[in-house]
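Student: I need the structure of the sequence given here:
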Amino acid sequence: MFSTRLPAALAPNAISRARASLRARGTRLIDLTETNPTAIGLSYPADLLAPLASDEGRRYAPDSLGLPAAREAVARDYARTGAAVRADQVMLTASTSEAYALLFKLLCNPDDEVLVPQPSYPLFESLTALEAVRARPYRLDLHGHWSIDRQSVLDSFTDRTRAVLVVSPNNPTGSLLRHDDREWLVALAADRHIAIVSDEVFADYPLRPAANASSCLGETRALTFTLGGLSKSAGLPQVKLGWIVVSGPPDAAEEALERLAIIGDAFLSVSTPVQVAAPELIASGAAIRAQIRSRLETNLACLERLVSAQPSVSLFPPEGGWSVVLRVPATESEESLVLRLLNDSHVIVHPGFFFDFETEAYLVISLLPEPHEFESGIQTLLSYLKA
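Tutor: Residues are numbered from 1 along each chain as shown. Presented below is the predicted three-dimensional model:
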């Protein structure tokens, strides 16, 4: 009766069941996986969402790519980073996930393929399946820093490949796309007539960026779609506003926008009030970003200090984003370790296999939790590993 685009088994995994059971019993947990900026004690202005009540939001006059004033606000905001983006390059979406869905509709027929990085955020498998598209992984290798394994890209390429996806900063590795990797990908995409989709939603959160880090904004040689949104740039995931910046050879970029307009007109998913409020919400992001950056720096410094005292644990320094990867002794499976840590010490961490790390043992944690709680959780984690 049901589509095979959804998994046959819908039951939660063992870690989710254990966490739900403990919370149902009222057990206080230290969540080192928290990535919701509205749940970590940041100071949001009381009137932050007041622009959503503007009288202009009562009038429905939809634009399939987004209201011009909102698209102009997105373009202006990129100027603070030194990027030159025009409003007519921008399409508004309800989220980054929706942006991926729209791009898969634009680029792919059923059973076409897109190349996705591994390790990376596990949502790609669901998003591609829901659009009847196949995700084929390519590897990020760690040799002093994370970089694209170019041979794995070539090995994953088939005659059904329509796009290569890049996440920079990557979640969870915190790695950034390097200039030489970008140049190689652009040449490949141009030669094989595929698109580049560059998810740069964490770009506002550099930590220890490499000097040769590179954005895909403004690329003119290959059709390129760069993603952003208020969820990360202004710490407002509940507002539901994302965007796609289209660039590339002029004819291809123009046709892509024309086709995206047709797709967008079929859904018109971005609400009028949020588009009307976009200029003010985007401007308000500066104060919230500053708090998030301070939190990330504080917790990363704490983590580096505590891990340095335990040689059996390795920290892979993130170049940007909100997450960090630890390598721990492989004395048991990641699932067993995470479950025992949860049940015995009430600390929540992610196992590496959630993000498709090929080997064990890795743990993924967020740098967003409140600092005292973060330090307590890391101390408990390290003590547990030492014991």
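
Student: number of nearby residues for the nearest residue to Y78 once chain neighbours are set aside?
Tutor: Closest residue to Y78 apart from its sequence neighbours, by CB to CB, 6 or more residues apart in numbering: V85 at 4.2 Å. The C-beta positions use only the backbone N, C-alpha and C, and glycine is treated the same way. By the measure other CB atoms under 10 Å, the count of residues near V85 is 23.

Student: can you confirm V85 is in a helix?
Tutor: No. Per DSSP: H, G, I helix; E, B strand; the rest coil, V85 lies outside any helix segment and is coil.

Student: so what's it scoring on pLDDT?
Tutor: V85 is assigned a predicted lDDT (pLDDT) of 97.

Student: one more: L337?
Tutor: Looking at L337, its pLDDT reads 96.

Student: that one against F353, yeah?
Tutor: No. When contacts are counted by CB atoms under 8 Å, L337 is not listed as touching F353 (11.2 Å).

Student: and those two? which has more neighbours close in?
Tutor: Each of L337 and F353 has its neighbours counted (other CB under 10 Å); L337 has more, 22 against 19.

Student: would you agree V166 falls within a helix?
Tutor: No. V166 is assigned strand when assessed by three-state DSSP, not a helix.

Student: so what's it closest to, chain neighbours aside?
Tutor: Using CB to CB, 6+ apart, the nearest residue to V166 is S198, at 4.7 Å.

Student: tally of neighbours for that neighbour?
Tutor: 25.

Student: wait, it sits on T226?
Tutor: Yes. Applying CB under 8 Å, one finds S198 in contact with T226, separated by 4.8 Å.

Student: find residues that contact each of the two.
Tutor: The contact sets of S198 and T226 overlap at S215, C216, L217 (CB atoms under 8 Å, 6 or more residues apart in numbering).

Student: list the contacts of L185.
Tutor: Contact analysis of L185 by CB under 8 Å, 6+ apart lists I148, V153, V164, V166, I196.

Student: apply 7 Å and report the result again.
Tutor: Shown in contact with L185 (CB atoms under 7 Å, 6 or more residues apart in numbering): V164, V166, I196.

Student: any idea which helix or strand carries it?
Tutor: helix 179-192 (DSSP states H and E).

Student: list the buried ones in that helix?
Tutor: D181, R182, L185, V186, L188, A189, A190 (16 or more other CB atoms under 10 Å).

Student: starting at the chain centroid, how far to that helix?
Tutor: Distance of helix 179-192 from its chain centroid, counting by CA atoms, centre = their mean, to the nearest Å, is 22 Å.

Student: just the helices in this protein please.
Tutor: In the chain, the helices defined using DSSP state H lie at 14-24, 68-79, 96-107, 123-130, 150-156, 179-192, 230-233, 250-267, 272-308, 334-340, 371-386.

Student: pick the most deeply packed of those.
Tutor: For these, the largest average neighbour count (mean count of other CB atoms under 10 Å) is found in helix 230-233, namely a mean of 24.

Student: contact partners of it?
Tutor: With contact meaning CB under 7 Å, 6+ apart, helix 230-233 is reached by T96, V201, F202, D204, L236, P237, V239, L241, G242, L281, G285, R289.

Student: ok, so of these, who is nearest L326?
Tutor: The shortest gap between L326 and any of those belongs to F202, at 18.9 Å (CB to CB).

Student: what mean pLDDT does stretch 62-80 get?
Tutor: If you average the pLDDT over stretch 62-80, you get 97.

Student: likewise for stretch 150-170?
Tutor: In this model, stretch 150-170 carries a mean pLDDT of 97.

Student: distance between it and the chain's centre?
Tutor: Computed by CA atoms, centre = their mean, the chain-centroid distance of stretch 150-170 equals 17 Å.

Student: show me the contact partners of it.
Tutor: 107-108, 111-117, 120-121, 136-140, 146, 175-177, 184-185, 189, 194-200, 202, 205, 216, 319-321.

Student: give me the buried entries from these.
Tutor: Neighbour counting with 16+ other CB under 10 Å marks 107-108, 112-117, 120-121, 136-140, 146, 175-177, 185, 189, 194-200, 202, 205, 216, 319-321 as buried within these.

Student: so what's the closest residue to T272 other than its chain neighbours up against?
Tutor: Nearest residue to T272 in three dimensions, chain neighbours excluded: G57, at 5.2 Å (CB to CB, 6+ apart). By CB under 7 Å, 6+ apart, the contact set of G57 is T272, P273, V276.

Student: that concludes my questions; thank you for your assistance.
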